[in-house]
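[1] sequence? don't have it. structure:
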């Protein structure tokens with residue numbers, strides 16, 4: 001693999017980063033309109049499925065990803081991009097895909113709610129721990145002087161505040177939530193897609209040059225994540241119905257959050273950004 005990718009910084013203005021923050025906030029607000037306090041209560045009443053899924057999501061996946069980076073030995077920025085993606089919570093469309101896959105949508109929604117809240121702490125923690133364990137990626141973390149507390153507040157702003165506002169809107173104004181739920185989803189998906197297209201267009205030459213390398217790594221990593229979620233659930237004795245939902249939750253990461261953190265804390269480091277962007281695609 002070409003080490004030059006470690007030196008690339010993608011073109012992304014501070015204004016563009018601010019827009020991405022706002023867009024992802026809207027996306028998370030729309031997701032939160034589908035979440036209820038009962039989703040958390042359901043986990044308390046029947047914790048086995050969500051806990052197995054969260055174990056695979058936040059403990060097994062980062063650890064296995066670290067091992068994978070040592071085995072395939074990508075250049076440091078790609079390796080750290082893999083660790084970043086693995087540290088993120090489930091993606092915003094995981095509930096929809098779990099439904100299409102014939103999985104337990106209720107379990108998927110419960111995991112989304114818990115993993116989004118847990119990510120406020122677990123995403124910075126996993127990135128700092130596993131990134132610091134890897135000899136190549138640790139050098140990048142030292143160079144940028146990564147502050148996990150600062151990253152915690154960034155993740156809280158992006159995920160926590162929209163989550164609280166969305167759930168509060170659904171609880172206090174269910175009529176309003178019902179009216180804006182579908183338009184919010186459509187609007188946020190269109191805006192987020194347009195944003196990714198514009199970002200790709202500005203960095204198209206880099207994208208074409210390195211997509212061959214990145215696509216292979218992302219495909220391998222994604223297959224590992226999906227298999228890990230499904231395999232862990234089946235080994236724990238869960239049904240195929242529940243295991244499909246956990247597989248989707250573990251396999252579909254919130255790469256939008258990853259991109260924000262990469263541009264906000266790593267100045268759009270090429271390998272990391274291309275990794276997160278292609279994972280989203």
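    Great, that's in hand. Predicted model, so just to flag it, every value in this text is computed and none were measured.

[2] Find the nearest non-adjacent residue to residue 79, please.
    Nearest residue to residue 79 in three dimensions, chain neighbours excluded: residue 69, at 4.1 Å (CB to CB, 6 or more residues apart in numbering). In this view, the C-beta of every residue, glycine as well, is placed from N, C-alpha and C.

[3] how close does that neighbour get to residue 136?
    Counting by CB to CB, to the nearest Å, the gap from residue 69 to residue 136 is 8 Å.

[4] What helix or strand is the spatially closest residue to residue 138 that is not a sequence neighbour located in?
    Nearest non-adjacent residue to residue 138, counting by CB to CB, 6+ apart: residue 132, 5.0 Å away. According to DSSP states H and E, residue 132 maps onto helix 105-133.

[5] ok so, going back, so the residue nearest to residue 138 touches residue 148, yeah?
    No. With contacts counted by CB atoms under 8 Å, residue 132 stays clear of residue 148, the gap being 9.9 Å.

[6] now do the same end-to-end measure for stretch 67-85.
    In stretch 67-85, first residue to last residue: 14 Å (CA to CA, to the nearest Å).

[7] Any idea how far that stretch is from the middle of the chain?
    Distance of stretch 67-85 from its chain centroid, counting by CA atoms, centre = their mean, to the nearest Å, is 16 Å.

[8] Pull out the buried positions in it.
    Buried residues in stretch 67-85, counted by 16 or more other CB atoms under 10 Å: 68-69, 74-85.

[9] Ok, stretch 137-152 next?
    Across stretch 137-152, burial judged by 16+ other CB under 10 Å covers 137, 138, 140, 141, 146, 148, 151, 152.

[10] Contact partners for the fourth one?
    Residues in contact with residue 141 (CB atoms under 8 Å, 6 or more residues apart in numbering) are 80, 128, 131, 132.

[11] Tell me, how many residues neighbour the third one?
    Other residues within reach of residue 131, judged by other CB atoms under 10 Å, total 24.

[12] ok, and the closest non-adjacent residue to it?
    residue 137 (4.6 Å).

[13] Run a quick check on that neighbour versus residue 80, I expect a contact.
    Yes. With contacts counted by CB under 8 Å, residue 137 reaches residue 80, the gap being 4.1 Å.

[14] any shared contact partners between those two?
    With CB under 8 Å, 6+ apart, residue 137 and residue 80 have common neighbours residue 131.

[15] Buried residues, stretch 117-131. List them.
    Under the neighbour-count criterion of 16+ other CB under 10 Å, stretch 117-131 has 117-120, 122-128, 130-131 buried.

[16] Using a markdown table, please lay out those together with pLDDT and distance to residue 237.
    Converted to a markdown table, the buried residues of stretch 117-131 look like this (pLDDT from 0 to 100; distance: CB to CB, whole Å):
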| residue | pLDDT | distance to residue 237 |
| --- | --- | --- |
| 117 | 82 | 26 |
| 118 | 86 | 23 |
| 119 | 87 | 27 |
| 120 | 85 | 30 |
| 122 | 90 | 25 |
| 123 | 89 | 29 |
| 124 | 89 | 32 |
| 125 | 91 | 29 |
| 126 | 93 | 26 |
| 127 | 92 | 31 |
| 128 | 91 | 33 |
| 130 | 95 | 28 |
| 131 | 92 | 33 |
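
[17] Verify the contact between residue 242 and residue 105 for me.
    No. Using CB under 8 Å as the test, residue 242 is too far from residue 105 to be in contact (10.8 Å).

[18] Of those two, which one has the most company?
    Set residue 242 next to residue 105 and count neighbours by other CB under 10 Å: residue 242 wins out with 23 against 19.

[19] What strand or helix carries the more buried one?
    Going by DSSP H and E, residue 242 is part of helix 240-251.

[20] thinking again about what came up before, what's the farthest-apart pair in the contacts of residue 141?
    80 and 128 (11.3 Å; CB to CB).

[21] sorry, back to before: and which of the contacts of residue 141 is nearest residue 234?
    Checking those against residue 234 with CB to CB, the nearest one is residue 131 at 29.9 Å.

[22] Roughly how far does the closest one sit from residue 76?
    Per CB to CB, residue 131 is found 10 Å from residue 76.
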